[in-house]
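1. What follows is a protein structure lacking sequence information:
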């Protein structure tokens, strides 16, 4: 069973984007909570 190199690159890129989007949304949520505390 041979896995193409482009598939591995695409999979790694997709995982990186998913992780980035998750961290970004978490950061936005924490910033929103912080703003609620300040107001």
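-> Arrived safely. Keep in mind it's a predicted model, so treat the numbers as computed, not measured.

2. mind showing which ranges of this structure have poor pLDDT?
-> 1, 38-39 (pLDDT under 70).

3. What backbone torsions are found at residue 3?
-> phi -100, psi 120 (degrees, to the nearest 10).

4. need the contact list for it.
-> Contacts for residue 3 were tallied using CB atoms under 8 Å, 6 or more residues apart in numbering; there are none. C-beta here means a position set from N, CA and C on the backbone, and glycine is covered the same way.

5. mind checking how far residue 26 is from residue 19?
-> 11 Å (CB to CB, to the nearest Å).

6. quick one: the helices in the chain?
-> With DSSP state H as the criterion, the chain has helices at 5-38.

7. what about residue 36, how many neighbours?
-> Under the neighbour criterion other CB atoms under 10 Å, residue 36 is assigned a count of 8.

8. Check residue 10 too.
-> Neighbour tally, residue 10, other CB under 10 Å: 11.

9. One more: residue 23?
-> Residue 23: 10 neighbours (other CB under 10 Å).

10. tell me the contacts of it?
-> Applying CB under 8 Å, 6+ apart, no residues contact residue 23.

11. again, but for the one 5 residues further on
-> Residue 28 is in contact with no residue at all, counting by CB under 8 Å, 6+ apart.

12. if I look at it, how far off is residue 14?
-> 21 Å.

13. now do residue 6
-> Counting by CB to CB - residue 6 and residue 14 are separated by 12 Å.

14. same question, residue 33
-> Applying CB to CB to residue 33 and residue 14 gives a distance of 29 Å.

15. Repeat that for residue 25.
-> Distance of residue 25 to residue 14, computed by CB to CB: 16 Å.
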